[in-house]
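*Asks:* take a look and give me a structure for this.
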Amino acid sequence: MKKIDVISVCNALVDILIQASDDDLTKLSLTKGVMHLVDHERQRAVLGHFGSAPRTLELGGSSLNAIRALASLGKKAVFAGMVSKDEFGERIHERLHQLGIDGYLTFGDEDATGSCVILITPDGERTMNTHLGSSRLYDKAAVPLDKIKESRIFHFSGYQWDTDGQKEAMMQAIKLASESDTLVSFDVADPFVVQRHRDSFVSIIHEYADIVFTNKEEARMLYEGSPEKAAAEIAATGAIAVVKLGAEGALVQKGSTKHLIAPVKTKVIDTTAAGDMFAAGFLYGFLSDRDLDTCGRMAATLASDVISRIGATVSREALDTIAAWQTSSR
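*Replies:* Numbers count the residues shown, from 1 in each chain. Prediction:
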């Protein structure tokens with residue numbers, strides 16, 4: 001029996017959320033709705049543009065967002081990443097402890113702990129400026145191999161594909177998971193990273209992945225076609241395809257069996273972590289041995305909740321709804 005429900009190796013970041021206007025994005029020469037990799041000086045310049053404007057801080061990083069939700073739902077979760085011995089590094093360490101997440105943090109001293117400035121426009125769209133900082137120094141020597149072997153699912157995102165050291169670490173973790181009967185869950189993450197690493201991602205999907213999360217734009221870039229075509233291509237590898245369709249819901253496919261997941265209506269305030277919480281809800285259902293349709297509906301519930309407020313955290317009410325649903329619908 002595996003002792004851990006889910007483990008993730010991901011960039012360890014602190015999210016800094018600021019409400020912005022389209023004019024702010026224009027002045028900062030930012031493309032709306034995507035992630036921009038920036039250095040420390042550029043990050044300081046972006047923050048400086050907003051002066052003393054109100055901001056919210058929380059743990060960040062795509063897979064870490066999902067891990068936070070899974071831990072809050074009672075799943076045994078492990079997170080591994082790299083931080084520095086600074087204020088943000090200590091914040092991440094303390095927050096993992098508060099959430100009951102078993103943290104395997106490596107502390108470096110060559111760069112600051114990573115951060116992501118998330119600019120939220122009135123339409124709820126988020127534009128990210130990510131300074132990976134010490135996360136870029138993560139290498140295969142830091143991967144908690146024994147914990148991967150003990151886990152039911154290894155969950156990771158495409159955001160890890162930056163430096164050669166990160167790529168080597170991730171491939172070591174993916175291959176070990178595959179060899180250890182640990183399911184490989186891959187969240188493609190962002191069109192920006194697909195554009196840079198499409199061939200690598202397609203190879204990982206075809207050779208190792210058991211569950212693949214992608215949105216319709218990422219799906220188009222990966223397989224040069226419709227969401228339905230991408231879902232079929234992924235399912236043909238034996239993996240479960242989960243293609244998020246935004247306001248139209250999601251498409252889940254395993255083999256030739258398809259499930260169209262209806263969206264949960266809500267008022268969009270901030271789309272930060274919508275995909276991460278969708279993955280968390282789906283994996284929670286999967287880990288709880290639910291059918292794929294139920295997994296998809298749990299995913300849609302958490303995603304709709306997180307976009308109804310500022311920040312990458314789902315409400316206690318939504319978590320309780322999912323937990324109660326899990327108990328009552330057996």
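*Asks:* what mean pLDDT does stretch 150-158 get?
*Replies:* The average pLDDT for stretch 150-158 rounds to 97.
*Asks:* just the pLDDT for residue 1.
*Replies:* Listed pLDDT for residue 1 reads 86.
*Asks:* just residue 327 next, same as before
*Replies:* Looking at residue 327, the pLDDT reads 68.
*Asks:* then residue 286?
*Replies:* 97.
*Asks:* now it: closest residue in space that isn't a chain neighbour?
*Replies:* Once flanking residues are discounted, residue 286 sits nearest to residue 295: 5.3 Å by CB to CB, 6 or more residues apart in numbering. In short, each C-beta sits where N, CA and C put it, glycine included.
*Asks:* for the residue sitting nearest the centre point of the chain, give me its contacts.
*Replies:* Centroid-nearest residue in the chain: residue 62, 2.7 Å away (criterion: CA atoms, centre = their mean). Taking CB atoms under 8 Å, 6 or more residues apart in numbering, we find residue 62 in contact with 10, 11, 157, 159, 187, 189, 273, 275, 276.
*Asks:* restricted to helices, list these.
*Replies:* Judged by DSSP state H, the subset of the contacts of residue 62 located in helices is 275, 276.
*Asks:* among the contacts of residue 62, which two are most distant?
*Replies:* By the measure CB to CB, the contacts of residue 62 have their two most distant members at 11 and 275, which lie 15.1 Å apart.
*Asks:* the helix or strand hosting residue 243: partners in the sheet, and parallel or antiparallel?
*Replies:* Using DSSP states H and E, residue 243 sits within strand 240-244. Strand 240-244 pairs in its sheet with strand 211-215 (parallel), strand 250-254 (antiparallel), by DSSP bridges.
*Asks:* low-confidence stretches in the stretch 201-330 of the chain?
*Replies:* By pLDDT under 70, the weakly predicted segments of the stretch 201-330 of the chain are 327-330.
*Asks:* at 90 instead, please
*Replies:* Low-confidence segments of the stretch 201-330 of the chain, defined by pLDDT under 90: 246-247, 265-273, 307, 309-315, 320-330.
*Asks:* which SSE is residue 271 in?
*Replies:* Judged by DSSP H and E, residue 271 forms part of no helix or strand.
*Asks:* and it, what are its phi and psi?
*Replies:* phi -80, psi 10 (degrees, to the nearest 10).
*Asks:* from residue 312, how far out is it?
*Replies:* 10 Å (CB to CB, to the nearest Å).
*Asks:* mind listing the strands for the chain?
*Replies:* Secondary structure of the chain (DSSP state E): strands at 4-9, 13-19, 35-37, 56-60, 77-84, 102-108, 114-120, 126-131, 151-157, 183-187, 211-215, 240-244, 250-254, 257-261.
*Asks:* what angle do the fourth one and strand 77-84 make?
*Replies:* When you say that, I think you mean strand 56-60. With axes from the mean of the first three to the mean of the last three CA atoms, to 10 degrees defining the directions, strand 56-60 sits at 110 degrees from strand 77-84.
*Asks:* just to revisit the earlier point, ok, and what's touching the strand holding residue 243?
*Replies:* For strand 240-244, the surrounding residues in contact (CB under 8 Å, 6+ apart) are 210-216, 219, 227, 230-235, 250-254, 275, 278-279, 282, 292, 296, 299, 303.
*Asks:* run the chain-centre distance for that strand.
*Replies:* 14 Å (CA atoms, centre = their mean, to the nearest Å).
*Asks:* put the alpha carbons of it into PDB.
*Replies:* Listed next in PDB are the C-alpha coordinates belonging to strand 240-244 (Å, rounded to 0.1, in the frame of the first residue of the first chain):
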ATOM      1  CA  ILE A 240      -6.900  10.000 -19.200                       C
ATOM      2  CA  ALA A 241      -7.400  13.300 -21.100                       C
ATOM      3  CA  VAL A 242      -8.800  16.300 -19.300                       C
ATOM      4  CA  VAL A 243      -9.300  19.200 -21.600                       C
ATOM      5  CA  LYS A 244     -10.600  22.400 -19.900                       C
END
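*Asks:* next, the angle from that strand to strand 183-187.
*Replies:* Going by the same axes, to 10 degrees, strand 240-244 is angled at 20 degrees with respect to strand 183-187.
*Asks:* returning to what we had before: quick check: the residue nearest to residue 286 touching residue 279?
*Replies:* No - Residue 295 is beyond contact range of residue 279, at 10.5 Å (criterion: CB atoms under 8 Å).
*Asks:* residue 319 is nearest to which of the strands of the chain?
*Replies:* Between residue 319 and the strands of the chain, the shortest separation by CB to CB is 13.9 Å, and it involves strand 77-84.
*Asks:* how near is residue 288 to residue 152?
*Replies:* Using CB to CB, one gets 11 Å for the distance from residue 288 to residue 152.
*Asks:* let me redo that: residue 34
*Replies:* According to CB to CB, residue 34 stands 32 Å off from residue 152.
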